[in-house]
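[1] Sequence and predicted structure are below.
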Amino acid sequence: MAGTDNGVVVKGDLDLEKNGADDLAGLEAGLDALDSVQVGRTPLRATLARKVLPPVTAVALVVAVWQLLVWAQVAPAYKLASPSDVWGEVREAWLQGTLLDYVWTSLSRGLLGFLLALAIGTPLGLLVARVKFVRAAIGPILSGLQSLPSVAWVPPAVLWLGLNNSMMYAVILLGAVPSIANGLVAGIDQIPPLFLRAGRTLGATGLREARHIVMPGALPGYLAGLKQGWAFSWRSLMAAEIIASSPDLGVGLGQLLENGRNNSSMPQVFLAIFLILLVGIAIDLLVFSPLERRVLRGRGLVTR
């Protein structure tokens, strides 16, 4: 009986060890599959079909519907210009050498204003998120400024600074800084407290904690704030250019839009709208979308 019992025990131990080894092997295989990243490059045809074809199809449908509305004469020609009329306006501006000038005048202002807002909004967001008194004092003001339409700042900025580029940058800052700061505050609030305690245990305090723990942990929320900050920068600039005009400021996209209205030129109005939209889409595709993919890839949320 004793020998039989020992045999049963030994056999049971062997079965348990075998099952444990199988479970461990399965766990390791699952972790290896989770960590594996596809290194092969996506074929060009697949990339075009997935990323280029859908927006091109959407634009073609919009133009087709637009042309159908023109043919149906749902509105007079001076109210609804045809795609060919707008294309003629594009061609004329290109031949005159003013098309790129319109874009660069506004784009240079928008990018510089956004960089200034970034330099101000980032330390302000860190200060609000990490100091309770500052958060209680300034936090509600930042939220209120973020909800305030940027166009409201144009009249006082003109009175304070005059019709110059400083006025433009002031309007951009007042529109973008609150969004960047609030985005960073939201990202910091989502950092697990365990990360902060672990960092302090390892000696990360002050600026070292902000650089190595707080900013990397808050990166998703911060990036969302940057995207929103750019959107506010661009919209604020367009509002300032439409309302405030001066020969010294040059002709940007907002001023081009206002000139089209003053001249009752619907093709010029549509041209300005399309250029404003095109710049916004280009900045998102060339700057923010790659940053988002990189952040997600670094957190293991995407594989390519």
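    Done, it's in.

[2] rest of the way, CA atoms for contacts and neighbours
    Fine.

[3] pLDDT value on residue 54, please?
    Per-residue pLDDT puts residue 54 at 78.

[4] Secondary structure element for it, which one?
    Residue 54 belongs to helix 53-72 when elements are defined using DSSP states H and E.

[5] try residue 100
    helix 99-130.

[6] returning to what we had before: which residues sit against the helix holding residue 54?
    With contact meaning Cα atoms under 8 Å, 6 or more residues apart in numbering, helix 53-72 is reached by 77, 80-83.

[7] Quick one: which of those has the lowest pLDDT value?
    In terms of pLDDT, the lowest of the contacts of helix 53-72 is residue 77, showing 79.

[8] Now do the contacts for the residue positioned nearest the centre of the chain.
    Geometric centre of the chain, nearest residue: residue 227, 2.6 Å, by Cα atoms, centre = their mean. When contacts are counted by Cα under 8 Å, 6+ apart, residue 227 touches 284, 288.

[9] Work out the gap between the helix or strand hosting it and the centre of the chain.
    Using DSSP H and E, residue 227 maps to helix 219-243. Remark: helix 219-243 is offset 9 Å from the chain centroid, using Cα atoms, centre = their mean, to the nearest Å.

[10] Give me the buried positions along it.
    Buried residues in helix 219-243, counted by 16 or more other Cα atoms under 10 Å: 219-242.

[11] List the contacts of the helix or strand that it is followed by.
    Moving toward the C-terminus from helix 219-243, the next helix or strand (DSSP H and E) is helix 253-262. Contact with helix 253-262 is made by 102-103, 105-106, 237-242, 245, 266-269, 272-273, 275-276, as judged by Cα under 8 Å, 6+ apart.

[12] Tell me what angle helix 253-262 forms with helix 219-243.
    40 degrees (axes from the mean of the first three to the mean of the last three Cα atoms, to 10 degrees).

[13] Past helix 253-262, which element shows up next along the chain?
    Where DSSP H and E defines the elements, the next helix or strand beyond helix 253-262 is helix 266-283.

[14] Which strands and helices lie in contact with that following helix?
    helix 83-96, helix 99-130, helix 253-262 (3 or more Cα pairs under 8 Å, 6 or more residues apart in numbering; DSSP states H and E).

[15] quick one, the second one and helix 253-262 angle?
    Computed by the same axes, to 10 degrees, the angle separating helix 99-130 from helix 253-262 equals 120 degrees.

[16] Same question for the first one.
    Our comparison of helix 83-96 with helix 253-262, counting by the same axes, to 10 degrees, yields an angle of 120 degrees.

[17] Would you mark the buried spots in helix 83-96?
    Burial within helix 83-96, assessed by neighbour count using 16+ other Cα under 10 Å, is assigned to 83, 85-86, 89-90, 93.

[18] which helices and strands sit right next to it?
    helix 53-72, helix 99-130, helix 266-283.

[19] now do 7 Å
    Packed against helix 83-96 by the contact rule (3 or more Cα pairs under 7 Å, 6 or more residues apart in numbering; DSSP states H and E) you find helix 266-283.

[20] The closest residue in space to residue 273 that isn't next to it in sequence: neighbouring residues, count only.
    Excluding the flanking residues, the one nearest residue 273 by Cα to Cα, 6 or more residues apart in numbering is residue 257, at 7.1 Å. By other Cα atoms under 10 Å, 25 other residues sit near residue 257.

[21] Could I get the helices and strands packed on helix 266-283 in CSV, plus columns for distance to residue 52?
    Below are those laid out as CSV (distance: least, Cα to Cα, whole Å):
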stretch, distance to residue 52
helix 83-96, 22
helix 99-130, 23
helix 253-262, 26
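
[22] out of those helices, nearest to residue 284?
    Among the helices and strands packed on helix 266-283, the nearest to residue 284 by Cα to Cα is helix 99-130 (12.8 Å).

[23] where in the chain is pLDDT low?
    For the chain, applying pLDDT under 70 flags the ranges 1-42, 44, 47-49, 195-197, 199-200, 202-212, 300-304.

[24] Go again with 50.
    1-4, 7-14, 16, 20-21, 27, 29, 31-39 (pLDDT under 50).

[25] Sounds good, over and out.
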